[in-house]
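**Student:** structure here, sequence nowhere to be found:
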């Protein structure tokens, strides 16, 4: 490996590294504003100046490639004077509004000016004033503070894939703006707030809410989709003030979706904090004793065949496990986690996870999307596909039309006949597929909802296995699940029939159930008839409105819980705030009912619940690791073919769950999206 001298210390570095990266290897911190390791190099701010031997002037270390034998010094008087000069220019037009700036306490400019700033200014002219720009309901702008680092522009173009930010003017007249001053249309737009090193771009919903040192910080896991994005929950008292990304290179890198970041205000609104019982067709406030007595008597007086349970997509692994144990205790065999009837095969874990892994996407050299829109179903995963496309320029194909995915792709059909051609080796893409080394086949729930769902699932599995694309080193077979609870529910076999499609939905739609117990379940397409409905959850959403008994339970930020993400990775969400009102944890509620019916407890304490739950995880019991591949045990099957359209079910992205629907910010985003789409149609 080549060597470079940093402050007289010899350091080995990899070819292609910059001087700044080599300095970081040496443990030397270089100040910077424009440089970011996940964005292209701009060399705008010049704050990273260092001294190089035989160079008359200091060099910008972020833009200078490191070379064999270079001698770099970072701590000389020349370097200090140069950085102080740069800082003086940066502060020339910067307003002195740190006391009222939301970036205060987390501002790179504040931190660097402490070391390289002056206590006075030689600038006597009027400061520059820049008009604030409109960037939508999420991003608050104060562009007079902007130092033109262009991080936001590079992020929007390179990572988010929307070329909506740019610079106009030159020199002192340069301004960062959105073209036509419209809101950003990316589901990742909020990340520019984290990237901005000053207070030019801040969070509009969080404006003037709190200072960073006042907040309690809790590392946790996001549940808005199945990706398992790593987050940090910042709370003040019991109120969640904001959610920020947590670095995890294997999953989300350092990005989060706008829904993950901003739906947290929904945790405050439309909350269930009291027990309610329906009397004379009206929900009346009650207490736990009366509710438990009523539920117990209803369960005792109802045949177990006429009782059914359904769990929602935001439920933790422990909640699903305790719910199943509760239902089995009262002899109920009708239970389900799916909101729509799509084909599943629980025989092996590889049948319902993203086997190539999110990080593994970067190795792919061919991608086929089958009935899925990853941009809305798994925003962070879609960003990884875009990153891979920019790096490898790999071919991407789709069965069905997902719309704009932020990268180019080709639609190779929208019927099941087009899938049949691929499986029979007669499609235009078969040659490319067979020549590839690491292809990705990504099957979405929309494809599995079809009558041909089993044919599509089992057909692709057999095709990939026979062509040796499922092996110890690489597994091309990937299922893109949409809900945080899906993989955990499949591990626990929380559904009716092991052969894929169950009779739960038929019975429910035919009103064969007399008692429905819903745990956080708000997405079922169900019209109430004479059923007695128990709703247990955190928000007074769709199903709570038709319930006969409402039992309040905590939201995902108010209790500890394990979640298994779409790639089979076990992660833990930690309690950030206390449950509101009279809410009780789900497993404690089940304990109360069983104690009333059978005079026994399901679980003596939380520890026994955890031990019982973790013992039921298939193939992977270690936290934050991927399941071991079980290639030798693969079972092949087949399904019936039907001629059908492959229509990708649209997702109401900003209203996809009860927390998001309760969020004013998500409502504003949804209105903005509708407004923009109408303008495009009329324009």
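**Tutor:** Perfect, I can see it now. Being a predicted model, the structure only gives us computed values, none of them experimental.
**Student:** burial of the nearest residue to residue 571 once chain neighbours are set aside, as a residue count?
**Tutor:** Counting by Cβ to Cβ, 6 or more residues apart in numbering, residue 571 lies nearest to residue 221, which is 4.8 Å off, once chain neighbours are set aside. No exception for glycine: its C-beta is placed from N, CA and C like everyone else's. Using other Cβ atoms under 10 Å, residue 221 has 25 other residues around it.
**Student:** same thing with the one 5 residues further on?
**Tutor:** Per other Cβ under 10 Å, the neighbour tally for residue 226 reads 26.
**Student:** do you know how far it is from residue 483?
**Tutor:** Distance, residue 226 to residue 483, using Cβ to Cβ, to the nearest Å: 6 Å.
**Student:** try residue 59
**Tutor:** 51 Å.
**Student:** follow-up on the earlier one: hmm, residue 227 and the residue nearest to residue 571 touching each other?
**Tutor:** No. Using Cβ atoms under 8 Å, residue 221 is not in contact with residue 227, being 9.7 Å away.
**Student:** what's the helix or strand for residue 242?
**Tutor:** Here residue 242 sits within strand 239-245, counting by DSSP states H and E.
**Student:** packing partners for that strand?
**Tutor:** Packing partners of strand 239-245 (3 or more Cβ pairs under 8 Å, 6 or more residues apart in numbering; DSSP states H and E): helix 191-195, strand 230-236, helix 258-262.
**Student:** listing partners with orientation, what would you give for it?
**Tutor:** Here strand 239-245 is paired, per DSSP bridges, with strand 230-236 (antiparallel).
**Student:** list the contacts for residue 550?
**Tutor:** 272, 275, 276, 277, 283, 535, 536, 540, 544 (Cβ atoms under 8 Å, 6 or more residues apart in numbering).
**Student:** now the first one. Nearest residue, chain neighbours left out?
**Tutor:** On the basis of Cβ to Cβ, 6+ apart, the spatially nearest residue to residue 272 that is not a chain neighbour turns out to be residue 552, at 4.0 Å.
**Student:** per-residue confidence for that neighbour?
**Tutor:** With respect to pLDDT, residue 552 scores 96.
**Student:** ditto for the one 10 residues further on
**Tutor:** With respect to pLDDT, residue 562 scores 96.
**Student:** ok now do it, which residues does it touch?
**Tutor:** Counted by Cβ under 8 Å, 6+ apart, residue 562 has contacts 316, 317, 318, 488, 570, 571, 572, 573, 610, 613, 614.
**Student:** what about 10 Å?
**Tutor:** 221, 316-319, 321, 488, 570-573, 610, 613-614, 617, 623 (Cβ atoms under 10 Å, 6 or more residues apart in numbering).
**Student:** helix/strand/coil for residue 572?
**Tutor:** In three-state terms, and counting by DSSP: H, G, I helix; E, B strand; the rest coil, residue 572 is strand.
**Student:** is it in a bridge, and if so with what?
**Tutor:** Here residue 572, judged by DSSP bridges, has bridge partners residue 562.
**Student:** make sure it is actually in contact with residue 623.
**Tutor:** Yes. Residue 572 lies in contact with residue 623 (Cβ atoms under 10 Å); the separation is 6.4 Å.
**Student:** just the mean pLDDT for stretch 86-103, thanks.
**Tutor:** Computed over stretch 86-103, the mean pLDDT rounds to 91.
**Student:** the contacts of residue 550 in strands, which ones?
**Tutor:** Per DSSP state E, strands hold the following members of the contacts of residue 550: 276, 277, 283, 535, 536.
**Student:** re the thing from before, mind checking how far the residue nearest to residue 272 is from residue 271?
**Tutor:** The value you get for residue 552 to residue 271, if Cβ to Cβ is used, is 8 Å.
**Student:** neighbour count for those two, which is higher?
**Tutor:** Neighbours per residue (other Cβ under 10 Å) separate residue 552 from residue 271, with residue 552 holding more: 25 against 19.
**Student:** what touches both of residue 226 and residue 483?
**Tutor:** Common neighbours of residue 226 and residue 483 (Cβ under 10 Å, 6+ apart) are 313, 377, 566.
**Student:** can you confirm the first one is in a strand?
**Tutor:** Meaning residue 313. No. Counting by three-state DSSP, residue 313 is not part of a strand but coil.
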